[in-house]
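Q: need a structure here:
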Amino acid sequence: MRIQLGFYVDAERCVQCHACEVACKGANDVEFGVKWRRVIHAWVGEYPRVTDRNLTVSCHHCAEPACVEVCPVGAITKRKKDGIVLVDRDVCIGCRACLSACIYKAPQFGRDRTMQKCTFCVERIDAGEEPACVATCPGEALHFGPLGELKLQNRGGARVVHQLTGQGAPSLLIATAPGAPAADVFLDPILNRKPAPVPAPAAMSPV
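A: Now for the predicted structure:
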């Protein structure tokens with residue numbers, strides 16, 4: 001594989017406007033009730049120290065995608081030139097083995113009962129254009145490109161860039177302000193697990 005394309009989300013700039021979801025649906029003619037991209041709202045911590053984060057997620061085009069491994073008919077493949085994971089819906093038999101294998105809930109199913117998901121707007125990529133979600137984001141919270149280059153986008157030290165860790169080595173980078181909760185807290189609402197506690201603030205020096 002020459003490069004691995006991935007997404008970069010600046011969690012400090014996402015305002016949960018859902019423009020990326022709308023752009024994705026429009027560009028790919030995604031049917032009602034099916035979401036190739038979705039915005040999640042993550043609550044972090046326990047009362048009284050609670051904070052929240054917004055994050056836009058889709059298929060993570062993992063380096064080692066579990067969906068590819070379990071597909072019994074080879075309908076899911078990973079492009080060698082850029083790492084984009086694609087599904088051939090004409091080959092898919094709708095067995096949903098991919099849905100069981102993917103902990104990120106990326107595989108979607110609609111009226112025809114075959115798997116569908118984010119394609120990274122592959123036609124736009126091949127034409128030298130940005131994915132529709134990236135091109136539409138009004139807060140410039142969503143970016144794409146080779147992972148190696150995206151990791152350098154720390155806005156002059158104003159961001160800490162984390163690569164999401166977990167099953168399949170997802171190709172997703174999350175940027176947070178220094179001192180913000182670690183990137184993996186965004187998995188909490190996806191995996192339905194209890195949010196991690198937020199550290200207590202440091203004691204203030206007397207004036």
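Q: My read is that residue 133 contacts residue 24, right?
A: Yes - proximity of residue 133 to residue 24 meets the contact threshold set by Cβ atoms under 8 Å, at 5.2 Å. Just so you know, the C-beta spots here come from the backbone N, C-alpha and C atoms, and that holds for glycine as well.
Q: What ranges does the chain have for its strands?
A: For the chain, the strands defined by DSSP state E cover 5-10, 38-46, 49-57, 76-78, 85-87, 108-109, 115-116, 142-146, 160-163, 172-176.
Q: Of those, which is nearest residue 20?
A: strand 49-57 (5.0 Å; Cβ to Cβ).
Q: Buried residues of the closest one, list them for me.
A: 53-57 (16 or more other Cβ atoms under 10 Å).
Q: Name the strands paired with that strand and say parallel or antiparallel.
A: Sheet pairing for strand 49-57, assigned by DSSP bridges, gives strand 38-46 (antiparallel).
Q: quick one on the thing from earlier: any chance of a markdown table for the strands of the chain, columns distance to residue 95?
A: Below are the strands of the chain laid out as a markdown table (distance: least, Cβ to Cβ, whole Å):
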| stretch | distance to residue 95 |
| --- | --- |
| strand 5-10 | 28 |
| strand 38-46 | 23 |
| strand 49-57 | 24 |
| strand 76-78 | 12 |
| strand 85-87 | 12 |
| strand 108-109 | 11 |
| strand 115-116 | 9 |
| strand 142-146 | 30 |
| strand 160-163 | 31 |
| strand 172-176 | 26 |
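Q: Now for the closest residue to residue 88 other than its chain neighbours: which residues touch it?
A: Among residues not flanking residue 88 along the chain, residue 75 sits closest, at 4.9 Å (Cβ to Cβ, 6 or more residues apart in numbering). The contact partners of residue 75, by Cβ atoms under 8 Å, 6 or more residues apart in numbering, come to 87-89, 91-93, 115.
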